[in-house]
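Asks: output the structure for:
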Amino acid sequence: MSENNQLRDVFDAIADPTRRQLIRLLAEAEEIPLHELTAQFQMGRTAVSKHLTILKEAGLVLDRKVGRETRFRLNTSPLREIQDWVAFYSKFWSTNMLRLNQLLEEEEE
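Replies: Alright, predicted model coming up:
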């Protein structure tokens, strides 16, 4: 699935703590089989698979079959959208805090 053909919003996909944990686990390894991912959670294979499907629909996860096993890996390129969003607001708040600081300094004088 290309970035231009995502079925799910990246922000929606990372909103859930379980999915953020899956992203973290996938970021720490090149590729992880489903059974190893499932072992990290107190939920069944089906529930973990549903979370992975949501991540996959957002383009964050890629999978491949190796025999009867499905292996997953992280695709970080959709995370750039989040990074850009956070960077914009980081700059926004830095600028506004600087203005506030200047205003407070002017009032003290």
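
Asks: can you give me the strands in the protein?
Replies: Ranges of strands within the chain are 32-33, 61-66, 69-74, based on DSSP state E.

Asks: please identify the most buried of the ones you listed.
Replies: Of the strands of the chain, the one with the most neighbours on average (mean count of other C-beta atoms under 10 Å) is strand 69-74, at a mean of 17. (Each C-beta comes from the backbone N, C-alpha and C, glycine too.)

Asks: quick check: angle from it to strand 61-66?
Replies: 150 degrees (axes from the mean of the first three to the mean of the last three C-alpha atoms, to 10 degrees).

Asks: who touches strand 69-74?
Replies: 23, 26-27, 29-35, 37, 52, 60-65 (C-beta atoms under 8 Å, 6 or more residues apart in numbering).

Asks: for this protein, give me the ranges with low pLDDT.
Replies: Filtered on pLDDT under 70, the chain yields the residue ranges 1-6.

Asks: what are the ranges of the helices in it?
Replies: 10-14, 17-27, 34-38, 45-57, 79-108 (DSSP state H).

Asks: mind putting these into TSV with mean neighbour count and distance to Arg73?
Replies: Formatted as TSV, the helices of the chain follow (neighbours: other C-beta atoms under 10 Å; distance: least, C-beta to C-beta, whole Å):
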stretch	mean neighbour count	distance to Arg73
helix 10-14	17	16
helix 17-27	16	6
helix 34-38	16	11
helix 45-57	17	11
helix 79-108	10	14
